[in-house]
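Chemist: no letters, just coordinates:
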């Protein structure tokens, strides 16, 4: 695996890992994950103690909105990439004590087969996670914890009390073009917690900086 770049987004705990593709006249080859390269890269210490125990794939039709989901017992961090199509990944900080608590960002992750690279986004435990898809899209994500029914919840992406001030305006414009009118969102996500409601719920104390350290 050839890792080209590791960078932090405007919420520094959220990382983007760019890796190389190797094109030829037939198409391209890419090694998109190798544990030893993750462990040995000098800028990847944030994942060194992480074991990925589950890998999921999902397909979403154009106009789909998902999230914003999170889990405890066990915590679940997600390493996410776009296989085909275009994903805009939504990340909301729900860590009590964090200077960016309540702030959300969106990272645009199109998949272009002609590009010489592709990206992962790392969403660590302590963040609510979702996505919006302007075109038909397939994604894949590795999880640091197995799914645990009964230990999950969500903040609706329609929550009026989310702070979007750190969000890239162009990515937010895509969200704003889809979210208000789409029917491709579940009732569970549409009617999930407002941010303040969740922070008043005793279960939100699973997500303090001290417990996540």
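Modeler: Thanks, I have the structure now. None of these values were measured; they are calculated from a predicted model. Residues are numbered from 1 along each chain as shown.
Chemist: strands along this protein, start to end?
Modeler: Along the chain, the segments classed as strands by DSSP state E run 3-8, 15-20, 22-24, 27-29, 54-60, 64-71, 78-93, 104-111, 117-123, 127-133, 137-143, 152-154.
Chemist: list the buried residues in the longest one.
Modeler: Which is strand 78-93. 78-82, 85-93 (16 or more other C-beta atoms under 10 Å). Every residue, glycine included, has its C-beta placed from N, CA and C.
Chemist: kindly report the same for the first one.
Modeler: Within strand 3-8, the residues that qualify as buried by neighbour count (16+ other C-beta under 10 Å) are 3, 6.
Chemist: ok, the last one next?
Modeler: By neighbour count, and taking 16+ other C-beta under 10 Å as the criterion, the buried residues in strand 152-154 are 153-154.
Chemist: show me what that strand pairs with in its sheet, parallel or antiparallel.
Modeler: According to DSSP bridges, strand 152-154 has the following sheet partners: strand 64-71 (antiparallel).
Chemist: what mean pLDDT does the strand it pairs with get?
Modeler: In this model, strand 64-71 has an average pLDDT of 97.
Chemist: got the angle between it and strand 117-123?
Modeler: Computed by axes from the mean of the first three to the mean of the last three C-alpha atoms, to 10 degrees, the angle separating strand 64-71 from strand 117-123 equals 50 degrees.
Chemist: what pLDDT does the residue lying farthest from the centre of the chain get?
Modeler: Distance from the C-alpha centroid of the chain peaks at residue 25, with 33.0 Å (C-alpha atoms, centre = their mean). pLDDT for residue 25: 95.
Chemist: what do you get for the one 3 residues further on?
Modeler: Looking at residue 28, its pLDDT stands at 96.
Chemist: does residue 44 really touch residue 6, like I thought?
Modeler: Yes: checked against C-beta atoms under 8 Å, the pair residue 44 and residue 6 is within contact range at 6.2 Å.
Chemist: between these two, which contacts overlap?
Modeler: residue 17 (C-beta atoms under 8 Å, 6 or more residues apart in numbering).
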